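Visitor: Give me coordinates for this.
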Amino acid sequence: MSPRLDIASDLSLGSDHRLLTLSFSFAQSSASESSPDIPDATIHPRRLWNLSRLGEPDPCQLYQDTFHSSSVPLLSQLKRLVQHPPSSRPPIDDLNASLNNIIYRSLDSSVGDRPPRPSHWKKYWTQQLQDAADFRNRCYRRWRRAFGIDKVYWWHQHQQANVSFRQAVANAKRLSWQAFCKSLESDFTKAISKVKQLKQRHQSSSSFTHPDGPSKAVEVMASHLASVFDGSLLPSTRPPPPPSSSSLGLPLGLHGSSPSGSSPSGLSGPPGSSHSLFTPLTIHMYIGQLPTRKAPGADHIKAEMLKPISTDLSHLLSWFFSLCCQWSYVPSLWRHAQVYPIFKKGDPSLPLAPWLASVSPQLDLAQGGFRPRRSALDQALCLHELMQSYYRRSYRFPVVAFLDIKSAYDTVDRRVIWDALSRSGAGSSPCLPLLVHLFDDVSVSVLVSNHSSTAFSPVTGVLQGSVLSPHFRCSCHSFGSLLWFC
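Guide: The predicted structure is shown next:
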């Protein structure tokens, strides 16, 4: 409907050819017409900075100094709230927003922010080349619209701009190729990554789309995921819900008990003491172990931003984590996951969650997942050796049973986890209500083509991207112990 053909006659293409653009409109699908009340998804632009400049000494030092001076008032406020708890819960979400804003302002003043790179730009293309191309086209338009002697002037300007632009493109291509070759020679992992990219070029890649655009696609995918996590498969008989945070006598004391309690558990103390769960040295070590070149969450923060300021940040986070532990509450931004659908068998998705300190739970001896040197090949080799050993002793092959729980992460009843943890002795620990809050009060939104859906709260399941998700295995420990003694 309403076709339109535009001829771009004001573009300098260096030939007699012209760029043609055909546009038309089409009727909306029946699904869109029947549901006009669905709110449109919001654009979720990603904030970007020139993080490569953090490798230079001067910008990195400026970033550290700016963060140190800006975080002093927030550090004093956190110390006061932890050492002298108020009668009601402090605004932890506002404190987290203040911390994020300090990091944002420090990055703006040291390395500077940058707009998102257009997807159609080549690898060597920069903003300077784009400005040169725009100037060439501007001179070309002025030449076409000039009269008399002005045509000679603007044609001369266009010719000079065209020569300068072509030289700049040639130099950019040469420098990009030299940098690429040097990176392959110096870093073997980059060479392997490039070979992988070349192989993926010949493979078809698909992403979730909708005829009505990405705004509709994220809402459709969010509705599907909400139906998966709605708890419709839960049994009628379930363990009792965990105790609410209001019944715990919050705030918890510095030693994990209520200020009026008489039996401190000794699980936490003032940051810096030997009894604290969140010592600056431990947090500094965990920040150094965070992987780089990973996608950020909704807070736009990456590990590359945290490592240069890990010394000052670890002291600030030690008090902030202690405050969260006192009130069994973490910021809502830490409990929000952005799910990016990927095309695979089943219903996989890639959640982008904010960076949190890692947790090392105690796992069963036979546990294979979430542990170093416990890959699928290692487990298969151990199973094969056990079967051969059994055959040499008993002169018969063993019977091997495999249990594959479909959508285990998505359909697990979290009450079973809380009941298993409370029975294991964690019921009196301040960590249990904190875990309950981390999992039961989460929100999920779908992110496709820079469009974000309306958030929903899952009733069942645990987030696969969270470092605390291995705790769902505790509900299967009793089954493993029965098999162990069979």
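
Visitor: Quick one: neighbours of residue 167, just the number.
Guide: 11 (other CB atoms under 10 Å). C-betas here are computed from N, CA, C, even on glycine.

Visitor: sorry, that was for residue 162
Guide: Using other CB under 10 Å, the number of residues around residue 162 comes to 18.

Visitor: Can you tell me the element it falls in?
Guide: helix 150-186 (DSSP states H and E).

Visitor: Against which helices or strands is that helix packed?
Guide: Applying 3 or more CB pairs under 8 Å, 6 or more residues apart in numbering; DSSP states H and E, one finds that helix 150-186 contacts helix 127-145, helix 188-200.

Visitor: need the helix or strand of the protein with the lowest average pLDDT.
Guide: The weakest-scoring helix or strand in the chain, judged by mean pLDDT, DSSP states H and E, is helix 30-34 (a mean of 45).

Visitor: Of the helices and strands packed on helix 150-186, which stretch is the most buried?
Guide: helix 127-145 (a mean of 16; mean count of other CB atoms under 10 Å).

Visitor: quick one, that one and helix 150-186 angle?
Guide: Following axes from the mean of the first three to the mean of the last three CA atoms, to 10 degrees, one obtains 160 degrees for the angle between helix 127-145 and helix 150-186.

Visitor: List the contacts of helix 127-145.
Guide: 9-12, 121, 151, 154-155, 157-158, 161-162, 164-165, 168-169, 172 (CB atoms under 8 Å, 6 or more residues apart in numbering).

Visitor: now residue 235, what's its secondary structure?
Guide: The three-state label given to residue 235 by DSSP: H, G, I helix; E, B strand; the rest coil is coil.

Visitor: List the contacts of the residue nearest to it when sequence neighbours are not counted.
Guide: Closest residue to residue 235 apart from its sequence neighbours, by CB to CB, 6 or more residues apart in numbering: residue 413 at 7.9 Å. Listed by CB under 8 Å, 6+ apart, the contact set of residue 413 reads 234-235, 238-239, 460, 475.

Visitor: Which of those residues scores worst on pLDDT?
Guide: Among the contacts of residue 413, residue 475 carries the weakest pLDDT, at 59.

Visitor: quick one: residue 164 from residue 297, how far?
Guide: The spacing between residue 164 and residue 297, counted by CB to CB, to the nearest Å, is 42 Å.

Visitor: Tell me which of those two has more neighbours.
Guide: Set residue 164 next to residue 297 and count neighbours by other CB under 10 Å: residue 297 wins out with 20 against 13.

Visitor: That one and residue 338 touch, don't they?
Guide: Yes - using CB atoms under 8 Å as the test, residue 297 is close enough to residue 338 to be in contact (6.3 Å).

Visitor: So which residues of the stretch 201-350 of the chain form strands?
Guide: With strands called from DSSP state E, counting those that start in this stretch, the stretch 201-350 of the chain shows them at 336-341, 349-352.

Visitor: follow-up on the earlier one: phi, psi of the residue nearest to residue 235?
Guide: Backbone torsions of residue 413, given as degrees, to the nearest 10, read phi -80, psi 120.

Visitor: repeat for residue 120
Guide: Torsion angles, degrees, to the nearest 10, at residue 120: phi -90, psi 0.

Visitor: In TSV, list the helices and strands packed on helix 150-186 along with distance to residue 85 and mean pLDDT.
Guide: Formatted as TSV, the helices and strands packed on helix 150-186 follow (distance: least, CB to CB, whole Å; pLDDT from 0 to 100):
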stretch	distance to residue 85	mean pLDDT
helix 127-145	50	92
helix 188-200	48	80
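
Visitor: want to try a markdown table for these, with distance to residue 105 as columns?
Guide: Shown next, in a markdown table, are these (distance: least, CB to CB, whole Å):
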| stretch | distance to residue 105 |
| --- | --- |
| helix 127-145 | 23 |
| helix 188-200 | 33 |
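
Visitor: ok, now which ones touch residue 21?
Guide: Shown in contact with residue 21 (CB under 8 Å, 6+ apart): 5-6, 8.

Visitor: Bridged to it, which residues?
Guide: residue 6 (DSSP bridges).

Visitor: and the gap between it and residue 6?
Guide: The value you get for residue 21 to residue 6, if CB to CB is used, is 4 Å.

Visitor: With residue 76 instead?
Guide: With CB to CB as the criterion, residue 76 and residue 6 are 61 Å apart.

Visitor: can you check residue 86 too?
Guide: 63 Å.

Visitor: Likewise for residue 307?
Guide: According to CB to CB, residue 307 stands 49 Å off from residue 6.

Visitor: Which neighbouring residues are in contact with residue 62, exactly?
Guide: 109-110.

Visitor: in the helix or strand where it lies, what counts as buried?
Guide: Assigned by DSSP H and E, residue 62 belongs to helix 57-83. Residues of helix 57-83 classed as buried by neighbour count (16 or more other CB atoms under 10 Å): 59-60, 62-64, 66-67, 70-71, 74-75, 78-79, 81-82.
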